[in-house]
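Engineer: need a structure here:
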Amino acid sequence: MPDRPRPRRTAARPGVPVPNLLPEHPTLATVREAAASCQACDLYKRGTQTVFGEGPRKAEVMFVGEQPGDAEDLAGHPFVGPAGRVLDRALEEAGIDRGLVYVTNVVKHFKWEPRGKRRIHARPNAAEVSACRPWLETEIALVQPRVLVCLGATAAQALLGRGFKVSRQRGEPVPSSLAPVVMATVHPSSILRAPDDEARREEMARFVEDVRRVAAELADGARNAVATAAAMGASALGLGTIVTVAASTAAADVTGIVMASVLAAIGFFILPAKRQRAKDEMRRKISALRERLLDSLRGQFAREIVRSGDRIREGIAPYSRFVRAEGDKLREMEGELDEIAAQLESLRARIDRQAA
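Structural biologist: This next block holds a predicted model:
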């Protein structure tokens, strides 16, 4: 049997089901700590350590694999071995920032068989998957990704049912309560097992195409969020027909965000009575969307920010002219009011003199 590092674990009772180990008020940090001593199935006897998921607390996309491999078992981190490098390459080609992705596995311990001095992956059985599933369900509930991607048959069937076939439904959105968008594709390790270089290139191209569909779903979600923010902002400001302009302009990604801000500025000039109410409403809506929008902007929309400069200036120009014109009108009205006030004061003084 091959040599491997001796596991280091805190004391825990074998066979205690995962629900009994979950914290009362779970967070990713406390759940990860609880999982470190999991002995809900016998895989803890072979794996070096629990390999829990990693990524942002509110990641837009979550990739779920089968189990950690040899490299992950030794490192204690998911998707850091050869299959992880394939996933990294696909994410880069699809334009998804790896730092904004949450990665995890259905099973948290490495199941393996000895082959000489090597430890060879062995597929987990249904009991092992079932024992470990509450960890994954908790991760999904805490992260709440917009897009959930199952990598390989084990992950897909664990989450989407035993009848799910990746070969027939890969890359297609599947109705599910797990996330707004759920899909499945092959596990990146299957690409490494292709029989020759040509087959690997073909499989990699198909895998990248599936990941690009994930990127498209993320882009659609960000555009819809921006359009909603712009429309709600205009509606809250009472700008009537400008709502339509805001919603359509928001489809231009970054430009839409700026246009929503311009609409708010217009409202502050021409609707002073509603200023505070509109400001509070916009702050509430923007706060709810801020994290999602910033994650998208930092990732796949970074290049769009640069290209959107001209669109932003062109979009703002007519509204800027409108704001300036309204400001001039307000100043003219203030001057007229000052003149009327002076005339009234003069008339009052004349009346006082006559009365005396």
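
Engineer: Quick check: Asn81 touching Glu72?
Structural biologist: Let me fix one detail, which is that residue 81 is Gly and not Asn. Yes. Counting by CB atoms under 8 Å, Gly81 does reach Glu72; the two are 5.7 Å apart. (C-beta placed from N, C-alpha, C; glycine too.)

Engineer: got a list of contacts for stretch 86-96?
Structural biologist: The list of residues contacting stretch 86-96 from outside it, by CB atoms under 8 Å, 6 or more residues apart in numbering, reads 61, 63, 79, 97-98, 101, 103, 151, 188-189, 191-192, 204, 207-208, 211-212, 214-215, 218, 299-300.

Engineer: Tell me how many other residues surround Arg350.
Structural biologist: Other residues within reach of Arg350, judged by other CB atoms under 10 Å, total 10.

Engineer: my guess is it is in a helix, correct?
Structural biologist: Yes. Assessed by DSSP: H, G, I helix; E, B strand; the rest coil, Arg350 belongs to a helix.

Engineer: In terms of pLDDT, where does Met339 sit?
Structural biologist: Check again: residue 339 is Glu, not Met. pLDDT, Glu339: 79.

Engineer: ok so, going back, more neighbours, Gly81 and Glu72?
Structural biologist: Glu72 (23 against 20).

Engineer: quick one: what helix or strand has the spatially closest residue to that one that is not a sequence neighbour in it?
Structural biologist: In space, and not counting its chain neighbours, Glu72 is closest to Val51: 5.1 Å by CB to CB, 6 or more residues apart in numbering. Remark: Val51 resides in no helix or strand, with elements defined by DSSP states H and E.

Engineer: Phi, psi for Val51 please.
Structural biologist: When read as degrees, to the nearest 10, the backbone of Val51 gives phi -110, psi 100.

Engineer: And it, how far from Tyr102?
Structural biologist: 14 Å (CB to CB, to the nearest Å).

Engineer: Please identify which of the two sits among more neighbours.
Structural biologist: Set side by side, Val51 and Tyr102 show unequal neighbour counts under other CB under 10 Å, the larger going to Val51 at 27 against 24.

Engineer: need the contact list for the more buried one.
Structural biologist: By CB under 8 Å, 6+ apart, the contact set of Val51 is 68, 72-73, 76-78, 105, 108-110.

Engineer: switch the cut-off to 7 Å
Structural biologist: Residues counted as contacts of Val51 (CB atoms under 7 Å, 6 or more residues apart in numbering) are 68, 72-73, 76-78, 105, 108.

Engineer: Just the buried subset of those residues, written out for PyMOL, thanks.
Structural biologist: Selecting in PyMOL just the buried members of those, where the criterion is 16 or more other CB atoms under 10 Å, is done with this command:
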select buried, resi 68+72+73+77+78+105+108
